[in-house]
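Enquirer: next input, structure requested:
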Amino acid sequence: MRIPRLSGLTLPLLCLALSPLAQAQTQEALYTKSLAATCANCHGTNGKVVEGSTVTSLAGLDKGYIVAQMNAFKAGARPATVMHQISKGFNDAQIESLAGYFAAQKK
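Expert: Below you'll find the model as predicted:
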C-alpha cells in the first residue's frame, strides 16, 4: 500500500502552524516567572519562604486572596513596610498573573 507524500507533510505543517501559539504561551510563562522572581527576595523562590520566616509564604495561597491583598496594599488599606510601594509598580493584569502563578505553586 502506498502512502501519499502529503501525509508526510501533515505533522511538520501542523507543528509550524501551532508554533506561534506555543511560543506565545512560553513567553507569557517566562514573563510571569520573571515577575514572580521580583518577589523572591522577601517571599522566597516560587513564593516559599524559609522555615521560621515572619514573611508570608505566597505559594499555594488562593488567587483571589492574593489579588485582594495586593489591591489593598496599592490602595493603602492594608498597612505595610514596603508592599504599599511595591504593589503600585504592578498593573492589574500583572497582579492577576502573579496571583495565578503563586496560587499554582505547592506549599
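Enquirer: so for the helix or strand where Q27 lies, mean pLDDT?
Expert: According to DSSP states H and E, Q27 maps onto helix 6-37. The pLDDT scores in helix 6-37 average 72.
Enquirer: what residues of the following helix or strand past it count as buried?
Expert: Tracing the chain C-terminally past helix 6-37 and defining elements by DSSP H and E, one meets helix 40-43 next. Neighbour counts over helix 40-43 (16 or more other CB atoms under 10 Å) mark H43 as buried. Every C-beta, even on glycine, is put in place using the N, C-alpha and C of the backbone.
Enquirer: next one: helix 40-43 to chain centre, how far?
Expert: How far helix 40-43 lies from its chain's middle: 15 Å, per CA atoms, centre = their mean, to the nearest Å.
Enquirer: quick one: list the elements packing against that helix.
Expert: On a contact count with 3 or more CB pairs under 8 Å, 6 or more residues apart in numbering; DSSP states H and E, helix 40-43 meets no helix or strand.
Enquirer: so how far is stretch 68-77 from its chain's centroid?
Expert: 19 Å.
Enquirer: got it, and stretch 70-90?
Expert: With CA atoms, centre = their mean as the basis, the mean position of stretch 70-90 lies at 19 Å from the chain mean.
Enquirer: with stretch 32-44 instead?
Expert: Offset of stretch 32-44 from its chain centre (CA atoms, centre = their mean): 9 Å.
Enquirer: what sits up against it?
Expert: For stretch 32-44, the surrounding residues in contact (CB atoms under 8 Å, 6 or more residues apart in numbering) are 46-47, 49-50, 53, 55-59, 90, 94, 97-98, 100-102.
Enquirer: now with 6 Å, please.
Expert: For stretch 32-44, the surrounding residues in contact (CB atoms under 6 Å, 6 or more residues apart in numbering) are 55, 58, 94, 97-98, 101.
Enquirer: repeat for stretch 50-60
Expert: With CB under 6 Å, 6+ apart as the criterion, stretch 50-60 contacts 42-43, 46-49, 102, 105, 107.
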